[in-house]
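Enquirer: sequence-free structure coming up:
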Ligand code: SF4
């Protein structure tokens, strides 16, 4: 078992971490390129950057927004995020690991606040699960990953807390550690491909929406041409006049 | 808010079309559509979707929304439609998912791959029917956007969904017929008002004002080189004479040069509701008229969607940064008043007055305080409805639905349900709604809910407050 633990926090951790960073980098770059491209395609280049910045900041520091729709759920979610960021990054044991691995690190949280943050995250996470299961709207919207994420994110917290505080036999301790480490690795591996990618993408949302509302001059005509209806008046439903046989439409649909 | 009673639900969702028509077109929607039959609809939908993705900026938003959506259901609290129906299909995030899932399945590598592996046939005709219904239940008010922690704009998805549907021929008839007249009809405007009738009507209004105020208040027509080209929603010429009188009176007081062009005098642009292509073509008509008359500014009347479509898309389609500036009439009046060029009697209106923010003016924060400052300048008893400003509640007739008379029970019982309560709570005698769409919807709404409140435009009231200086220019 010790070998598995070593593997999980050695090579596998490094791999998962690198993949997470690369995966997130990829979506961030794609988004920035997309924004730039959309901006370039629009002819007027009038974009309300100030309003975008204000809104983005407003959501990053959501003091005023928490009490809008679903206030209890929103506040819970905020607390969850606080715990989620504080503990993995600032727990003394983690900071020590970093220093060992890369040679430098940052100040760690003292043990007691770290404990509080851990308990906070666990409680808030449980609250979020309830907020999803017992809310009619949220239940209707939820996908599988929405149910999987909170428990998966909490797994390292619970196991880590237990390991740090309970008097466990060495075997149980090792098992707990195993779960702790592998859950963390799994989280890192999947972040870029799931909704948790919002950790890096959410700050771009307002800008994305703003430039997406900037339409492209001439696009309507080009769409009609691509569909093979360039000469027809536009309200003639395209579907009413089948394209001529042999019409070479580009194969756009897979 | 009272939940829908069974009887109300029945009325709101009653079929408006013959079962044969629904069956023949395979389209169980409540708005009327033109007579068409479509074979192979899913394939055509995907082709149209692909073509639109290729030439526009939508892909960016779809990719982004698909990645970040957290399904937190905060938006459900804000949508006046969902709050009224309680049908989870009306949750904004669910509405968007209808289209996002098609995008994911057919236009992303992982979706295509997964579809192949799992043997998922992809887009079905039923899904298209569902979208055709859902996207016109939404009033595109954008209120949910400000509630989304992930910044998703569900109204943008609604807009795109409608655009794709229109490319395969699914468009509400009321909108399609108006646009056809506007772009190729003899009259060239959505209400089919001939120029002769326009002139008659305006002359009549001038006579009224002459009688009323004892001075000549003209509607200048085809004035070359005027500063402002005035474009109200063309329906104002038929139904909102009092608003127009107020508009003219303001110009009489300020002395600025404005004109109505007989070549084109319609601010309405249904393209904003369902097609970028039409949006562009209608704006080109404005540009042509502005160039013909050599004006230096475009002035849109009291109409939310007309103002937004011109303000935010005229530069896009008509010359970029060099395009003529677009001004809303309330902005203009407010500035004139601030500059002291317009004098108002401070106690002209003593009844309780409240203000309804049209979504298309207020949501972006563009025209929010100006009308309030004006109203407070001549109403002694002004009250706010809550929520207001950028967080206002839609009248329930947005997104073009107000033009579809067959949807009236739906609009007044479902879409406008929250609004009705909100207006009633103010106890106001007048509700100022500076938008042709909102006015029509709110009038039907107060009638349905038996609320004793008169729906008026801002300039209708302002007209009563203007003090005409005998030394005004042009005298
Ligand atoms: S845009 Fe308005 S009507 Fe449409 S889903 Fe959002 S809140 Fe509801």
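Expert: That came through, no problem. Worth saying up front: this structure is predicted, and the values here are computed from it rather than measured.
Enquirer: check contacts around the residue in the stretch 301-450 of chain B that chain A sits nearest to.
Expert: Per C-beta to the nearest C-beta, residue B:315 is where the stretch 301-450 of chain B lies closest to chain A, at 3.8 Å. Where C-beta positions appear, they are placed from N, C-alpha and C, glycine not excepted. Applying C-beta atoms under 8 Å, 6 or more residues apart in numbering or on different chains, we find residue B:315 in contact with A:43, A:44, A:46, B:321, B:323, B:326.
Enquirer: Looking at the residues you listed, state which has the most neighbours.
Expert: When neighbours are counted by other C-beta atoms under 10 Å in any protein chain shown, residue B:326 leads those with 23 neighbours.
Enquirer: List the residues that contact that residue.
Expert: Contact analysis of residue B:326 by C-beta under 8 Å, 6+ apart lists B:297, B:298, B:299, B:300, B:307, B:310, B:311, B:314, B:315.
Enquirer: same thing but at 10 Å, please
Expert: Residue B:326 makes contact with B:231, B:283, B:286, B:297-300, B:307-315, B:318 under the criterion C-beta atoms under 10 Å, 6 or more residues apart in numbering or on different chains.
Enquirer: so what's the backbone phi/psi at residue B:455?
Expert: The phi/psi pair for residue B:455 (degrees, to the nearest 10) reads phi -90, psi 120.
Enquirer: That one - nearest residue in space that isn't next to it in sequence?
Expert: Spatially, and ignoring its direct neighbours in sequence, residue B:455 is nearest to residue B:442 (4.5 Å; C-beta to C-beta, 6 or more residues apart in numbering or on different chains).
Enquirer: ditto for residue A:23
Expert: Closest residue to residue A:23 apart from its sequence neighbours, by C-beta to C-beta, 6+ apart: residue A:192 at 2.6 Å.
Enquirer: you'd agree residue B:339 is up against residue B:253?
Expert: No: using C-beta atoms under 10 Å as the test, residue B:339 is too far from residue B:253 to be in contact (11.8 Å).
Enquirer: How about residue 94, nearest residue that isn't a chain neighbour?
Expert: No chain in the question, so chain A it is. Of all residues not flanking residue A:94 in the chain, residue A:88 sits nearest, at 6.2 Å (C-beta to C-beta, 6+ apart).
Enquirer: wrong one, chain B
Expert: Nearest residue to residue B:94, sequence neighbours excluded (C-beta to C-beta, 6+ apart): residue A:141, at 5.9 Å.
Enquirer: so residue B:51 makes contact with residue A:225?
Expert: Yes: between residue B:51 and residue A:225 there is a contact at 8.6 Å, judged by C-beta under 10 Å.
Enquirer: Neighbour count for those two, which is higher?
Expert: A side-by-side neighbour count of residue B:51 and residue A:225, using other C-beta under 10 Å, places residue B:51 first with 26 against 14.
Enquirer: Phi and psi next, for that one.
Expert: Backbone torsions of residue B:51, given as degrees, to the nearest 10, read phi -60, psi -40.
Enquirer: Not counting sequence-adjacent ones, nearest residue to it?
Expert: Using C-beta to C-beta, 6+ apart and skipping residues adjacent in sequence, the residue nearest residue B:51 is residue A:226, 4.0 Å away.
Enquirer: correct me, but that neighbour touches residue B:49?
Expert: No: using C-beta under 10 Å, residue A:226 is not in contact with residue B:49, being 11.3 Å away.
Enquirer: Looking only at neighbour counts, state which of those two leads.
Expert: Using other C-beta under 10 Å, the more surrounded residue of residue A:226 and residue B:49 is residue B:49, with 26 against 19.
Enquirer: wait, what's in contact with the more buried one?
Expert: A:252-253, B:58, B:62, B:99, B:102-103, B:106-107, B:123, B:160-161, B:163-164, B:167-168.
Enquirer: which residues in the stretch 101-250 of chain B form strands?
Expert: Applying DSSP state E, counting those that start in this stretch to the stretch 101-250 of chain B gives strands spanning B:228-231.
Enquirer: what residues does it put near the ligand?
Expert: B:138, B:139, B:140, B:141, B:142, B:143, B:144, B:154, B:155, B:158 (C-beta under 6 Å from any ligand atom).
Enquirer: Give me the subset of those that lies in helices.
Expert: B:154, B:155, B:158 (DSSP state H).
Enquirer: Let me know the closest of those residues to residue A:75.
Expert: residue B:154 (23.5 Å; C-beta to C-beta).
Enquirer: so the closest one makes contact with residue B:137?
Expert: No: contact between residue B:154 and residue B:137 fails when scored by C-beta under 10 Å: they sit 11.9 Å apart.
Enquirer: Quick one: end-to-end length of stretch B:404-423, please.
Expert: When the termini of stretch B:404-423 are compared using C-alpha to C-alpha, to the nearest Å, they are 23 Å apart.
Enquirer: near chain A, anything from that stretch?
Expert: No: Stretch B:404-423 is not in contact with chain A by C-beta under 10 Å from any C-beta of the partner chain; minimum separation 13.7 Å.
Enquirer: Which parts of the helix or strand where residue A:152 lies count as buried, going by neighbours?
Expert: Here residue A:152 sits within helix A:144-165, counting by DSSP states H and E. Going by neighbour count (16 or more other C-beta atoms under 10 Å in any protein chain shown), the buried part of helix A:144-165 is A:146, A:149-150, A:152-163.
Enquirer: tilt between the next helix or strand after it and helix A:144-165?
Expert: Once helix A:144-165 ends, the next helix or strand along the chain (criterion: DSSP H and E) is helix A:170-190. Here the directions of helix A:170-190 and helix A:144-165 differ by 140 degrees (axes from the mean of the first three to the mean of the last three C-alpha atoms, to 10 degrees).
Enquirer: Pull the distance from helix A:170-190 to the chain's centre.
Expert: Centroid displacement of helix A:170-190 relative to its chain, using C-alpha atoms, centre = their mean, to the nearest Å, is 21 Å.
Enquirer: After that helix, which helix or strand is next?
Expert: Remark: after helix A:170-190, the chain's next helix or strand is helix A:198-201, criterion DSSP H and E.
Enquirer: how about that next one against chain B, any contact?
Expert: Yes: legend: contact between helix A:198-201 and chain B by C-beta under 10 Å from any C-beta is shown at A:198, A:199, A:200, A:201.
Enquirer: how many other residues sit next to the residue nearest to the second one when sequence neighbours are not counted?
Expert: Excluding its sequence neighbours, the residue lying closest to residue A:199 (C-beta to C-beta, 6+ apart) is residue A:191, at 7.1 Å. The burial count assigned to residue A:191 is 20, neighbours taken as other C-beta under 10 Å.
Enquirer: Can you read off the pLDDT for residue A:191?
Expert: pLDDT, residue A:191: 95.
Enquirer: Now do the contacts for residue A:167.
Expert: Contacts of residue A:167 by C-beta under 10 Å, 6+ apart are residue A:173.
Enquirer: Check the one 5 residues further on too.
Expert: Residues touching residue A:172, when contacts are defined by C-beta under 10 Å, 6+ apart, comprise A:162, A:163, A:166.
Enquirer: Out of these, which comes closest to residue B:349?
Expert: residue A:162 (69.7 Å).
Enquirer: Next one: that closest one from residue A:119, what distance?
Expert: The spacing between residue A:162 and residue A:119, counted by C-beta to C-beta, to the nearest Å, is 12 Å.
Enquirer: where along the stretch 351-475 of chain B do the helices fall?
Expert: Assignment of helices within the stretch 351-475 of chain B using DSSP state H, counting those that start in this stretch yields the ranges B:359-362, B:369-378, B:408-410, B:417-426, B:436-448, B:458-463.
Enquirer: swap that for chain A, please
Expert: Taking DSSP H as the criterion, chain A carries its helices at A:2-9, A:11-41, A:49-60, A:71-90, A:92-102, A:111-133, A:136-141, A:144-165, A:170-190, A:198-201, A:205-212, A:219-226.
Enquirer: Could you single out the most deeply buried of those helices?
Expert: Of all the helices of chain A, helix A:205-212 carries the top mean neighbour count, a mean of 24, counting by mean count of other C-beta atoms under 10 Å in any protein chain shown.
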